[in-house]
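Participant: sequence plus the predicted model coming up.
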Protein chains: 2
Amino acid sequence: MSWIDDPQFRADAPFGPQTLPYGVIPAGIAVRVGDQALPLRPLADHFGPRLGELVAADSLDPLLAAGRPVWSELRARVVELATAVSAPRGASLVGLDDAVLPFRVADYVDFYSSRHHAENVGRIFRPDGDPLLPNWTHIPIGYHGRAGTVVVSGTDVVRPSGQRKTPEGPVFGPSQRLDIEAEVGFVCGGPVRSRLTPSQAADHVFGVALVNDWSARDIQAWEYVPLGPFLGKSFATSVAAWITPLEAFAVARVAPPHGDVLPYLVEEKPWGLDLALEVEWNGVRVSRPPFREMFFSFAQQLAHLSSNGATVRPGDLIASGTVSGPSRDERGSFLELSWGGTEPIALDGVERTFLEDGDTVRITATAPGEDGSLVGLAEVVGTVRPVDER
Amino acid sequence: MSWIDDPQFRADAPFGPQTLPYGVIPAGIAVRVGDQALPLRPLADHFGPRLGELVAADSLDPLLAAGRPVWSELRARVVELATAVSAPRGASLVGLDDAVLPFRVADYVDFYSSRHHAENVGRIFRPDGDPLLPNWTHIPIGYHGRAGTVVVSGTDVVRPSGQRKTPEGPVFGPSQRLDIEAEVGFVCGGPVRSRLTPSQAADHVFGVALVNDWSARDIQAWEYVPLGPFLGKSFATSVAAWITPLEAFAVARVAPPHGDVLPYLVEEKPWGLDLALEVEWNGVRVSRPPFREMFFSFAQQLAHLSSNGATVRPGDLIASGTVSGPSRDERGSFLELSWGGTEPIALDGVERTFLEDGDTVRITATAPGEDGSLVGLAEVVGTVRPVDER
């Protein structure tokens, strides 16, 4: 029995000793234990000088820069301290509230690696064409998003304004088709490197955090040709406050469903992950997107991203792309769930398509852990606020 | 007569007292005076405590955060010191070499606001369609680029590898169509804000620096649908080492040639700029792109970028898009100059289309200054190196 007195700190709950995600609260860096947080700064002496300095920092940035061997050493020590029979000197538990964005986002890249999502979008927007474009099965398609507007879970999302097309010409105003994208994010660290193999790429991933890539479909539809999404996405991207270390997913690995790929994308041991996502809209579960269906793994995405010589830096955040499965109740966006707004979703008896002001969306996920345990990804949640009048 | 003994420090040369761009050299922050640099750290006492701290910093980051009133105060004092009859105590001149990237790039956004460029690209890639897409005259089209691979002028550019399409299917290897894009960059600062009017946006621009947005056309052509350019651009973007303050361009302002725009893009006083660019390929001038032809100004670009609620942060770098004029010898990319590789350019008697290893490209620009003076933008230069074998 651990000294930690929290009913959710157990192997069959998402945030037991098998998970131990990192975050930053007003008390500094902490690990989540059940529904509480264990601040690490008061425990710095238990980690020795090098690790102690990293856990006493104000953000995860120095830890992200430290790289895989340090991450492994730290995790082993954290597990020891969290599972000790008696409380380590200085240890105390605090609430999970007021967590902040735990690292400075360097570059943010959003991929598009769910075949079901890409095909659904293709069918909705190009009903007469091939749902999948010719490059899609060869390339982990992606684009750069706005790092400066990545916000921590719990931050309200103000409805974006923008240009949208109408029969009378373009108009400017609040988006009328505000949507979500349920995604899985990967937080990078270690030495600055380029041209990574998939195996090397995985060693540059510190941990995993859920992402909601809020999307204004009307703005996006008018702006995105030929240079891709811009203001339809850049107003806000929410990321979970707690980052689950990649090491927690050792038994969740699965093979992505792609066929032959070019040699630079071949994985020695595949890095698909068996994560089960859930999307709640105003408290009603509307979707269960299966991450194991993703066509390319995050390791392949990072290998691709760095294949041209581009460097991967600590703080780079890559998101998987919207996670959608083959069934209707596995789709990771309201665009797909409502089939472009033509098939409303029943939400507590009311028919809905896109987001209204006041709506709250919450995404969670779990994965299989060692010895039948459950590994959790912390929620990413946000509420839509009306745009302020200027 | 100023105390500065440099034959190029004069009103009819690009880097006289009317220009005074900022950069960072091993001695710290400096201003360029003719073909030399004046380090400011040894002069910190002349600036008073607040400005003194800013000029003694290791980078321009604190200065960028300080905002317009501080920038104006600092510039006035720098002009005084640089034009004094006798040398201020502590002043000495050093070489321009070894300048580093003077600020941390927050988000990098690349626009596409030259109508001639967009039409040329449209004619080359979609010869049977309308050269301009329907959204282009309404929206300053742009996309996010990779901030982590913005490099300072003088940095070698390693030829990127990537996927390109062949009749036998996609292959991976070094780009065979490596190109330049001659652009003008705007470095942002001041308080973090969103929903800026064009006038407010201009107050968030610290200064102007030339940009070469190196582009691998074969990688770009295969990857860019539907999410825009990614690895075709992300390997390197070069920016000049010296940033000319926006205030130096007061008399270079012109009206952009667009017609009606939506109200959020209307400028009180237009921020088009009469910059004359020059592109040299291995020492041969191949183009003179006219920036005054740009359809949207940087102020409109920033107003658009922030119109959805996205914030503008200190260190944000926005690039204008390739600058091309109506004439063949005014095109800002080799894609256009060689018309997609079909009309080779004579370069010292040899016919050339795209970049070969060892090639050097240098871009410079000047603008009209006060009282008939000449305001310069420092060169952005880079040499192509072969890709290293793994």
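Facilitator: In hand now; what should we look at?
Participant: and the stretch 51-200 of chain A, which residues reach chain B?
Facilitator: Residues of the stretch 51-200 of chain A lying close to chain B (Cβ under 8 Å from any Cβ of the partner chain) are A:106-107, A:112, A:133, A:135, A:138-139, A:141-149, A:158, A:160-163, A:165, A:170-172, A:195. C-betas here are computed from N, CA, C, even on glycine.
Participant: so of these, which ones are in helices?
Facilitator: Within those, no residue falls in helices by DSSP state H.
Participant: could you tell me how many residues sit around residue A:266?
Facilitator: Around residue A:266 sit 13 other residues, with neighbours defined as other Cβ atoms under 10 Å in any protein chain shown.
Participant: can you pull the contacts of it?
Facilitator: Residue A:266 sits next to residue A:198 when contact means Cβ atoms under 8 Å, 6 or more residues apart in numbering or on different chains.
Participant: what's the distance between it and residue A:258?
Facilitator: Counting by Cβ to Cβ, to the nearest Å, the gap from residue A:266 to residue A:258 is 10 Å.
Participant: try residue A:235
Facilitator: When distance is defined by Cβ to Cβ, residue A:235 is 32 Å away from residue A:258.
Participant: ok, those two, which is more surrounded?
Facilitator: Neighbours per residue, other Cβ under 10 Å: of residue A:235 and residue A:258, the larger number sits with residue A:235, 29 against 20.
Participant: surely residue A:107 touches residue B:147?
Facilitator: Yes. With contacts counted by Cβ atoms under 8 Å, residue A:107 reaches residue B:147, the gap being 5.5 Å.
Participant: for chain A, give the helix that spans the most residues.
Facilitator: Determined from DSSP H, the single longest helix within chain A is helix A:68-83.
Participant: which residues sit against it?
Facilitator: Under the contact criterion Cβ under 8 Å, 6+ apart, helix A:68-83 has outside partners A:2, A:4, A:9, A:17, A:20, A:31, A:33, A:38, A:40, A:43, A:46-47, A:50-51, A:54-55, A:63, A:88, A:91, A:189-190, A:203-204, A:206, A:245, A:247.
Participant: show me the contacts for the residue in the stretch 251-390 of chain A positioned nearest to chain B.
Facilitator: In the stretch 251-390 of chain A, the residue that lies nearest chain B is residue A:308 (3.8 Å; Cβ to the nearest Cβ). The contact partners of residue A:308, by Cβ under 8 Å, 6+ apart, come to B:160-162, B:216, B:219, B:231-232, B:234-235.
Participant: same thing but at 6 Å, please
Facilitator: B:160-162, B:231, B:235 (Cβ atoms under 6 Å, 6 or more residues apart in numbering or on different chains).
Participant: can you list those residues in a markdown table and add pLDDT and distance to residue B:335?
Facilitator: Formatted as a markdown table, the contacts of residue A:308 follow (pLDDT from 0 to 100; distance: Cβ to Cβ, whole Å):
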| residue | pLDDT | distance to residue B:335 |
| --- | --- | --- |
| B:160 | 98 | 16 |
| B:161 | 98 | 19 |
| B:162 | 98 | 16 |
| B:231 | 98 | 17 |
| B:235 | 98 | 17 |
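Participant: out of these, who's near chain A?
Facilitator: Filtering the contacts of residue A:308 for neighbours of chain A using Cβ under 6 Å from any Cβ of the partner chain leaves B:160-162, B:231, B:235.
Participant: out of those, who's the most crowded?
Facilitator: residue B:235 leads the ones next to chain A among the contacts of residue A:308 on contacts (other Cβ under 10 Å) with 29 neighbours.
Participant: local confidence estimate at the residue of the stretch 251-390 of chain A closest to chain B?
Facilitator: pLDDT for residue A:308: 98.
Participant: leaving out sequence neighbours, find the closest residue to it.
Facilitator: Spatial nearest neighbour of residue A:308, excluding adjacent residues (Cβ to Cβ, 6 or more residues apart in numbering or on different chains): residue B:160 at 3.8 Å.
Participant: okay, and which of the residues of the stretch 51-200 of chain A next to chain B map to strands?
Facilitator: Among these, DSSP state E puts A:142-145, A:158, A:161-163, A:165, A:170-172 in strands.
Participant: could you identify the buried members of those residues?
Facilitator: Among these, those scoring as buried are A:142-145, A:158, A:161-163, A:165, A:170, A:172 (criterion: 16 or more other Cβ atoms under 10 Å in any protein chain shown).
Participant: and these as TSV, adding distance to residue B:98?
Facilitator: As requested, those are exported to TSV (distance: Cβ to Cβ, whole Å):
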residue	distance to residue B:98
A:142	35
A:143	35
A:144	30
A:145	34
A:158	44
A:161	45
A:162	43
A:163	45
A:165	50
A:170	48
A:172	47
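Participant: taking the stretch 151-300 of chain A, what residue is nearest to chain B?
Facilitator: Residue nearest to chain B within the stretch 151-300 of chain A: residue A:228 (2.3 Å; Cβ to the nearest Cβ).
Participant: any idea how far residue B:337 is from the closest residue to that residue other than its chain neighbours?
Facilitator: Leaving out its chain neighbours, the residue that sits closest to residue A:228 by Cβ to Cβ, 6+ apart is residue B:228, at 2.3 Å. Distance, residue B:228 to residue B:337, by Cβ to Cβ: 23 Å.
Participant: pick out whichever of these two has more residues nearby.
Facilitator: residue B:228 (27 against 24).
Participant: where does that one land in three-state SS?
Facilitator: At residue B:228 the chain is in coil, as set by DSSP: H, G, I helix; E, B strand; the rest coil.
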